[in-house]
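Enquirer: Build me a model:
(one chain, ligands or ions: 1)
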Amino acid sequence: MSALPNFELHDLKPAVADFRREVLAGLAATPRRIAPKFFYDAAGSHLFDAITQQPEYYPTRTEIGLLRGHGVEIAERLGRQAALIELGSGSDIKIRCLLDALRPAEYLPLDISLDHLRESASGIARDYPQVRVRATCVDYTREFPLPPIAPEAHRVVFYPGSSVGNFEPSDVRDLLRWVAGMVGPGGRLLIGVDLKKDPARLHAAYNDAAGVTAAFNGNVLTRMATELGAKLKVEDFAHHAFYNEALGRIEMHLRALRATSIEIAGQRFDFAEGEGIHTENSYKYCEEEFGALAASVGFVTEQVWCDADRLFSVHCLRVGALS
Ligand code: AVI
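Expert: Numbers count the residues shown, from 1 in each chain. Okay, here's the model as predicted:
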């Protein structure tokens, strides 16, 4: 592709050493765990895109319906000509629902998956030549330098997909405080939040019949083998996902089908049959619950859009006085 004058890509991709260190610490912990951010290499990002196409996985198409249906209203709330920062931008479908109405001056997508980010962000730069696109490949859960934004720019953060559900509620507070610091007093956050609902529907969404979510979950083992040289048998582990009603979250695990082991960097971790690695939580919220969480760190809920079946919600939050 020829160079686009309105496109920059900053590569702050986490080093393999970070992946190794976190995997070794997670496998040594009780219960064993690996953070969900490690799902997203190029293959994992494509598998996630495939999940969003599964008939059982309602969040993506429901959120897109809300963004398309209320795009103009959303743009009026957020204000035009903003510096628009998108967290975990992944595929560009959602931001494209808003760009025509929102007409930002700048678009700053952040994502951990380099190839995916390059492809989607450069596509936006090409299709919206009047928007300056500065993409950063980064683990945004750690401190990093955001490309400099003019102090007088009006900033908006877009955090779609209910990725907020992949954080522990206590960590959500830290994340929201960080966003508040980024957008400043009066700044806004547009955030997609999956709603609590019939557990059977949730169960189906994370156990699709085609087995795509299972492949996505197993991809972290493939990454450990290829990137860390781990000795393991992917086929010794099975996808296990269920709704933990008491905690209001879907849990995903990789469960050993038989006694097996994983060896990395000279360390060996034995698994008895049935023992697992906890790979993801996906918290679900009631509309009011999420509003209260946001209010606890100083955000004011300006508006919430929900679909008619109350599957998914999109919240427009403004940084109030207290953050
Ligand atoms: C990215 N995140 C919001 C998805 C979710 O629903 O928690 C990841 C996912 N895991 C399994 N399916 C989708």
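Enquirer: make it CA atoms for all contacts and neighbour counts henceforth
Expert: OK.
Enquirer: Can you report how many residues lie near the nearest residue to Thr141 once chain neighbours are set aside?
Expert: Closest residue in space to Thr141, ignoring its immediate chain neighbours: Leu175 at 7.8 Å, by C-alpha to C-alpha, 6 or more residues apart in numbering. Close neighbours of Leu175, defined as other C-alpha atoms under 10 Å, add up to 17.
Enquirer: Can you name the helix or strand that Leu175 falls in?
Expert: helix 169-183 (DSSP states H and E).
Enquirer: With the ligand in mind, check whether that helix reaches it.
Expert: No: for helix 169-183, no contact with the ligand is found by C-alpha under 6 Å from any ligand atom; the gap never falls below 13.4 Å.
Enquirer: Could you give the number of residues near the residue of the stretch 51-200 of the chain found nearest the ligand?
Expert: At 3.7 Å from the ligand, Ser163 is the closest residue in the stretch 51-200 of the chain, using C-alpha to the nearest ligand atom. For Ser163, the neighbour count with other C-alpha under 10 Å is 16.
Enquirer: Show the average pLDDT along the next helix or strand after the helix holding Leu175.
Expert: Going down the chain from helix 169-183, the next helix or strand is strand 188-194, by DSSP H and E. Across strand 188-194, pLDDT averages out at 98.
Enquirer: packing partners for strand 188-194?
Expert: Where contact means 3 or more C-alpha pairs under 8 Å, 6 or more residues apart in numbering; DSSP states H and E, strand 188-194 is packed against strand 155-159, strand 312-319.
Enquirer: which one of the ones you listed lies closest to Ile262?
Expert: Shortest distance between Ile262 and the helices and strands packed on strand 188-194, using C-alpha to C-alpha, is found for strand 155-159: 34.9 Å.
Enquirer: Looks like Ala101 contacts Arg77 (just checking).
Expert: No: in this structure, Ala101 sits apart from Arg77 without contact. The criterion is C-alpha atoms under 8 Å, and the distance is 11.1 Å.
Enquirer: returning to that earlier point: and the residue nearest to Thr141, what pLDDT?
Expert: pLDDT, the model's per-residue confidence, is 96 for Leu175.
Enquirer: i'd like the first residue to be 682 from this point on
Expert: Sure thing, new numbering starts at 682, so read that last one as Leu856.
Enquirer: hey, which helix is longest across this protein?
Expert: As far as residue count goes, and with DSSP state H defining each element, the longest helix of the chain is helix 893-909.
Enquirer: Quick one: mean pLDDT over that helix.
Expert: Per-residue pLDDT values across helix 893-909 average out to 98.
Enquirer: Restricting to C-alpha, output it in CSV.
Expert: Extracted in CSV, the C-alpha atoms of helix 893-909 (Å, rounded to 0.1, in the frame of the first residue of the first chain):
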residue,chain,number,x,y,z
VAL,A,893,-15.1,-21.0,17.1
THR,A,894,-15.0,-19.8,20.7
ALA,A,895,-13.3,-23.1,21.6
ALA,A,896,-10.6,-22.5,18.9
PHE,A,897,-10.2,-18.9,20.2
ASN,A,898,-9.7,-20.1,23.7
GLY,A,899,-7.2,-22.8,22.6
ASN,A,900,-5.2,-20.3,20.5
VAL,A,901,-3.5,-19.1,23.6
LEU,A,902,-1.9,-22.6,23.9
THR,A,903,-0.8,-22.5,20.3
ARG,A,904,0.8,-19.1,21.0
MET,A,905,2.6,-20.5,24.0
ALA,A,906,4.0,-23.3,21.8
THR,A,907,5.0,-21.2,18.8
GLU,A,908,6.2,-18.0,20.6
LEU,A,909,7.5,-19.3,23.9
